[in-house]
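Enquirer: one predicted model, sequence on top.
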Amino acid sequence: MLKVENIEVRYSGVPVIHDVSFEVRERELISIVGANGAGKTTLLKTVAGTLHATKGSIEFENEDITRSSTVEIVRKGITYVPEERRIFGPLTVEENLRLGGYTVNDSDEIEKNLGYVYDLFPILKKRQKQLGGTLSGGEQQMLAIGRGLMSNPKMLMLDEPSLGLMPRLVDQMLEAVTKLREGGKTILLVEQNVREALEMADRGYVLQTGRTIHEGTGEKLLETDIVKKAFLGL
C-alpha cells in the first residue's frame, strides 16, 4: 500500500532523515521505534505531506505522492494523527469529529463513521456536546484519533498515541489501536512504549539518528540486542 524508498529529509538544509526505506502492506500494523530525535515524527510528517523529501520517493497504492500536498494525500486515503493532538478546543466533541469527515460527501457514511468512533471510544459519545478543550488528556487523544477515523482512511498514521497519558489510559489507548488493527485498518504507528508497539506489530523498523538500523517482524526485533539494551533495559 505504501512504499517509501531511500528518502532524505532536511531541516534548514541539514539532513535529518538519511536514505530511509520501508513499506506498509494492506491491513498491516507497522511500528517505527527509536529514541527521541531519531526522526520518527519527521518520517510521518513527510508521508503526510507537511514536509517533503529532498531525495527518494514515496508511493501510495502505486501512485507517486512524493510532492503531493497534505490535502491531496488526505483525499487519497492517508490520515495523520499528530502527537500534539491539535483538536479544536472551542468546538464540541461532535463538531471536532464532523470536521474530520470533511472529505466525505455522503451524509450516511459520515453518520456511520461517527457511530464507529463512538463504539470505539464510548466516552466520546457521553461527551459529544462538551467542548474539546475541557476534555482530559486521554479524552483529547481519543478525540484526535476519532477525528482521524472520520474520513474512513485507507491508512492511519498514529504519532505517539499514548504520550503523556497515565498508565491505565496508556493500556486503554493501545487496546484501541489493537482493535483497529483487528478490524482491518492499515496502521503506521510511532509509539514510545517499544515493547507494546512491537508486540502488536506485524513488522517494525528501528530508527537511529535518521537511519534505519533494523527491520523485521515485531517478535524478531524484540529479540535483537539493540532493542533489548536501548529500549527494554535488558
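Expert: The structure has been received and is ready for your questions.
Enquirer: who does the nearest residue to residue 48 once chain neighbours are set aside bridge with?
Expert: Nearest residue to residue 48 in three dimensions, chain neighbours excluded: residue 80, at 3.8 Å (CB to CB, 6 or more residues apart in numbering). Placement of C-beta: from N, CA and C, glycine included. Judged by DSSP bridges, the bridge partners of residue 80 are residue 157.
Enquirer: contacts only, for residue 80.
Expert: Neighbouring residues of residue 80 by CB atoms under 8 Å, 6 or more residues apart in numbering: 44, 45, 47, 48, 50, 148, 157, 159.
Enquirer: same deal with residue 175?
Expert: No contacts exist for residue 175 under CB under 8 Å, 6+ apart.
Enquirer: hmm, residue 218 and residue 200 touching each other?
Expert: Yes. Contact status for residue 200 versus residue 218: in contact at 7.1 Å, counting by CB atoms under 8 Å.
Enquirer: what sits in contact with each of those two?
Expert: Between them, residue 200 and residue 218 share these contacting residues under CB under 8 Å, 6+ apart: residue 31.
Enquirer: returning to what we had before: ChimeraX command for the buried members of the contacts of residue 80?
Expert: Remark: buried members of the contacts of residue 80, expressed as a ChimeraX selection using 16 or more other CB atoms under 10 Å:
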select :44,45,47,48,148,157,159
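Enquirer: and the residue nearest the centre of the chain?
Expert: The residue lying closest to the centre of the chain (CA atoms, centre = their mean) is residue 158, at 1.6 Å.
Enquirer: touching, that residue and residue 185? I think so.
Expert: No. At 10.2 Å, residue 158 does not count as touching residue 185 under the criterion of CB under 8 Å.
Enquirer: and which of the contacts of residue 80 is nearest residue 27?
Expert: Set against residue 27, the nearest of the contacts of residue 80 by CB to CB is residue 157 (15.1 Å).
Enquirer: enumerate every residue touching that closest one.
Expert: 44, 47, 48, 78, 79, 80, 81, 187, 188, 189, 190.
Enquirer: and it, how far from residue 80?
Expert: Here the criterion is CB to CB, to the nearest Å. By it, residue 157 lies 5 Å from residue 80.
Enquirer: pull out the buried positions in the longest helix seen in the chain.
Expert: Using DSSP state H, we find that the single longest helix of the chain is helix 167-182. The neighbour-count check on helix 167-182 (16+ other CB under 10 Å) flags 169, 170, 172, 173, 174, 176, 177, 180, 181 as buried.
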